[in-house]
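*Asks:* Here is my input; please provide its structure:
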Amino acid sequence: MELNREHFRAIIFHNFRRGLSRQECFDELNFLYSDKAPSYSTVKNWYNEFNRGRCSIQGESRAGRPKSVVVPEKINAVRELIKQDRHVTYREIEASLDISMTSINKILHDYLSVKKICSRWIPHNLTNAQKKARVDWCKEMLEKYIQGTSKAVYNIYTGDESWIYAYEPETKQQSTVWVFQDEAKPTKVVRGRSTSKQMIACFFGINGHVATVALEQRRTVNSEWYTTICLPEVIGEIRKKQKNRRIILHHDNASSHTSTQTKAFLTERKIELMGHPPYSPDLAPNDFFLFPHIKNKLRGQRFSTLEEAVDAFKTHVLELPQSDWKKCFENWFKRMQKCIDHHGEYFEKQ
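*Replies:* So this is what the prediction gives:
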């Protein structure tokens with residue numbers, strides 16, 4: 001699909017709401033879209049418009065269009081936001097595109113056919129080929145690792161990236177308190193998620209945490225960072241305990257994970273790849289276990305710096321007992337069987 005100016009305006013507004021600077025926004029667009037990305041002056045001009053309070057990304061002659069109207073431009077703009085940030089929320093889409101919640105819901109489910117699995121937007125209807133790929137991978141893993149009982153499982157290390165925020169609001173359930181009958185109901189001040197955030201990558205095995213690596217001075221993961229900073233640190237931590245240990249790496253199909261540069265790096269160091277089926281966060285341990293579990297503990301805490309937030313994340317990870325890591329891996333192989341039982345369909349809510 002060819003992106004038009006309105007699509008890029010939507011992405012620029014989303015980045016503005018995320019707290020990115022003009023330069024960071026331009027760098028991200030340039031990295032993702034290369035020569036098709038808008039110029040720095042265009043990014044700067046739209047940032048100036050948004051700073052003056054403008055919320056519409058449409059031309060002035062179209063600004064009067066109702067927020068509830070669903071048109072191809074809005075559908076495509078929502079599609080691009082999801083492609084850029086798989087964790088984007090309803091509220092963030094509403095703020096970025098200035099369209100109603102009803103329209104967003106209609107676009108997501110009726111036009112784009114997506115739903116959220118493990119806090120990520122994924123295709124609502126998997127194709128037969130995608131379902132087959134999921135089943136084939138699960139069957140291969142269950143056979144190769146003997147339903148998860150093989151000693152080779154102790155050589156598997158899984159990792160993924162995620163944002164850590166300086167402040168993540170509590171869930172409704174977390175903010176509930178006990179109140180006696182004669183007491184006044186406490187007032188809850190609604191605060192949104194902080195725009196200050198840090199990308200981290202976290203890796204672990206059945207025996208526990210291996211490494212958490214922060215993206216210093218970067219907003220976007222790429223192959224260069226992954227192969228020169230992240231993976232060398234992870235492999236170094238593993239080799240500290242056993243120099244010649246066999247390493248089987250599991251990560252998803254992000255471009256930085258599947259690039260020629262990354263594959264060459266892993267081949268050179270004799271790192272085996274476990275593989276991963278596309279559109280399968282429900283089969284990725286970081287997505288179904290670690291990230292939601294630890295982030296839930298961080299909710300409601302306000303950190304003065306991103307370093308504090310990352311340190312708190314690491315502290316909670318290190319406090320997890322070994323039994324939790326083992327249970328995660330056992331659950332992983334059980335999920336593979338569930339995927340097979342459901343013929344490749346998503347199984348979490350079935």
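
*Asks:* Is residue 8 in contact with residue 32, as I believe?
*Replies:* No - using Cβ atoms under 8 Å, residue 8 is not in contact with residue 32, being 10.5 Å away. No exception for glycine: its C-beta is placed from N, CA and C like everyone else's.

*Asks:* Have a look at the two and say which one is more surrounded.
*Replies:* Taking other Cβ atoms under 10 Å, residue 8 and residue 32 do not tie; residue 8 has more neighbours (21 against 15).

*Asks:* so who does the closest residue to the more buried one other than its chain neighbours touch?
*Replies:* Nearest residue to residue 8, sequence neighbours excluded (Cβ to Cβ, 6 or more residues apart in numbering): residue 38, at 5.0 Å. Neighbouring residues of residue 38 by Cβ atoms under 8 Å, 6 or more residues apart in numbering: 5, 8, 12, 29.

*Asks:* In the stretch 201-350 of the chain, what residue spans correspond to helices?
*Replies:* Assigned by DSSP state H, counting those that start in this stretch, the helices in the stretch 201-350 of the chain fall at 223-225, 231-241, 255-258, 260-268, 285, 291-298, 306-319, 322-341.

*Asks:* In the last one, which of the residues would be classed as buried?
*Replies:* By neighbour count, and taking 16 or more other Cβ atoms under 10 Å as the criterion, the buried residues in helix 322-341 are 325, 328, 329, 332, 333, 335, 336, 338, 339, 340.

*Asks:* Run the chain-centre distance for it.
*Replies:* Here the centre of helix 322-341 is set off from its chain's centre by 21 Å, with Cα atoms, centre = their mean, to the nearest Å.

*Asks:* ok, now the second one?
*Replies:* Offset of helix 231-241 from its chain centre (Cα atoms, centre = their mean): 24 Å.

*Asks:* okay, and for the stretch 1-150 of the chain, where does confidence drop off?
*Replies:* Residues of the stretch 1-150 of the chain meeting the criterion pLDDT under 70: 1-2, 58-69, 84-87, 91-92, 95-96, 116-124.

*Asks:* As a check, name the ranges of all strands in it.
*Replies:* Applying DSSP state E, counting those that start in this stretch to the stretch 1-150 of the chain gives strands spanning 114-117, 120-123.

*Asks:* Pull out the buried members of the contacts of residue 38.
*Replies:* 8, 12, 29.

*Asks:* Make CSV from these and add distance to residue 44 to it.
*Replies:* As requested, those are exported to CSV (distance: Cβ to Cβ, whole Å):
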residue, distance to residue 44
8, 13
12, 10
29, 12
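
*Asks:* In helices, which of those residues fall?
*Replies:* Residues of the buried ones among the contacts of residue 38 located in helices (DSSP state H): 8, 12, 29.
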